[in-house]
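Visitor: One predicted model, sequence on top.
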Amino acid sequence: MTSATLTNGTATVNYTLPANIAVKNYTIVASYSGGSKFLSSSGTGTLTISADTTGPVVNIISPSSGQFTAGTVTVTGTVSDNQAGVASVIVQVQKSNGGGIEVSSVPATINGNTFTAQVSNLSDGPHDVKAIATDRAGNPAQAESNMIVDATGPNTTLINPTIGLTSEGEPIPGVLLAGVPNRVTARVTDSASGIAPTGVLIKLEREGAPIAQVVGTSNGDGTFSGMVSGLTAGPVNIVVIARDNVGNLRVTSSPGRVVSPGDLNGDTEINNNDLIVMVQVLLGIIPPELAAGSDLNGDGRVDIFDLIRLIQILQGASPTATR
């Protein structure tokens with residue numbers, strides 16, 4: 001028997017039911033004694049006790065099993081409980097196969113029958129994902145998935161134009177030609193999620209402002225190329241922006257300069273001095289990267305055909321070769 005104080009016509013009693021109470025209907029008997037001023041009264045009611053020993057139904061929708069994700073991932077799923085109701089969902093992410101002790105545990109936001117949790121700062125590699133749901137009666141249930149985290153951007157290397165090095169280790173700017181189309185090529189690789197479609201952008205900048213840009217086209221061998229034209233003489237930065245399939249970016253910038261075709265010594269004039277430089281390049285006296293624009297026909301090497309082309313330019317031919 002439990003007593004309660006009547007306040008404003010309402011009496012409230014908190015009673016903890018024993019854990020081994022049987023599952024059935026019970027009759028509640030309540031009585032009131034008001035003393036000499038009030039008549040005594042009594043009443044009955046029914047309390048139905050239902051045992052909830054079943055955990056919620058929980059599923060992970062994203063990431064799907066084996067999906068590539070970035071270092072920050074949003075885990076989503078569904079959760080429901082037809083008896084006591086859902087109390088909480090905890091999302092846990094950890095490296096698979098005992099690959100370290102990295103464990104992230106994040107309370108999920110529940111909205112109706114869906115849940116969402118964002119997990120950040122994950123490292124590269126396979127991870128296991130768990131969603132642990134608990135109902136209001138304390139019953140747990142869990143769903144599992146797995147994913148491959150790719151938290152690193154692609155690797156990029158500028159191939160053409162070639163960036164050389166001086167004997168002191170200083171970079172020698174890659175050379176592009178003014179007034180003619182130039183092919184810019186970079187090697188772009190990503191060993192995890194791969195390069196996104198249209199995920200390579202080649203951009204030329206001068207004093208921080210873009211002067212040309214093009215989406216790189218795959219050559220099928222891990223390299224991407226794009227043609228840039230309408231360039232004028234002067235220094236440039238050759239920027240390669242690469243994006244993988246989960247959105248990681250890698251931006252690299254290399255020094256370059258635009259010269260007039262045939263101006264091998266970079267003095268802004270084309271004359272016999274440039275012819276002498278070309279001969280020195282062909283004889284191996286001067287490396288090609290020190291002779292700006294010596295690859296006049298843009299075939300990736302300096303040879304007798306470039307010498308012939310330079311002679312044609314000196315004789316008045318238009319420098320229309322494609323790099």
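Guide: Perfect, thanks for sending it.
Visitor: immediately after the helix or strand of the chain with the lowest mean pLDDT, which helix or strand?
Guide: Among the helical and strand segments of the chain, the one scoring lowest on mean pLDDT, DSSP states H and E is strand 41-48, with a mean of 55. Scanning forward in sequence from strand 41-48, with DSSP states H and E defining helices and strands, the next element found is strand 57-62.
Visitor: CA atoms of that next one as CSV?
Guide: Listed in CSV are the C-alpha atoms of strand 57-62, where the atom choice follows Å, rounded to 0.1, in the frame of the first residue of the first chain:
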residue,chain,number,x,y,z
VAL,A,57,15.0,-2.2,-35.6
VAL,A,58,18.0,-0.3,-37.0
ASN,A,59,19.6,-0.1,-40.4
ILE,A,60,22.5,1.8,-41.9
ILE,A,61,21.7,3.3,-45.3
SER,A,62,24.9,5.3,-45.9
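Visitor: For the following helix or strand past that strand, what does the pLDDT average out to?
Guide: Counting by DSSP H and E, the next helix or strand C-terminal to strand 57-62 is strand 67-69. Across strand 67-69, the average pLDDT comes to 97.
Visitor: Next: stretch 82-100.
Guide: The average pLDDT within stretch 82-100 is 88.
Visitor: And for stretch 226-237?
Guide: 93.
Visitor: Okay, buried residues for it please.
Guide: Of the residues in stretch 226-237, those scored as buried under the neighbour-count criterion (16 or more other CB atoms under 10 Å) are 226, 228, 231, 233, 236-237. Glycine gets a C-beta too; all of them are placed from N, C-alpha and C.
Visitor: how far out from the middle of the chain is that stretch?
Guide: Here the centre of mass of C-alpha atoms in stretch 226-237, compared against the chain's by CA atoms, centre = their mean, to the nearest Å, lies 30 Å away.
Visitor: Not counting its own residues, what contacts it?
Guide: 173, 176-184, 202, 204-206, 211-217, 253-260, 268, 322 (CB atoms under 8 Å, 6 or more residues apart in numbering).
Visitor: for stretch 109-117, same thing?
Guide: By CB under 8 Å, 6+ apart, the list of residues contacting stretch 109-117 reads 74-80, 86, 88-89, 91, 106-108, 131, 133.
Visitor: Return the member of those residues nearest to Gly300.
Guide: Thr74 (45.3 Å; CB to CB).
Visitor: got a list of what that closest one touches?
Guide: Shown here is Thr74, whose contacts under the criterion CB under 8 Å, 6+ apart are 62, 116-119.
Visitor: If we go by neighbour counts, what in the host helix or strand of it is buried?
Guide: For Thr74, the enclosing helix or strand under DSSP H and E is strand 73-80. Neighbour counts using 16+ other CB under 10 Å place 73, 75-79 of strand 73-80 among the buried residues.
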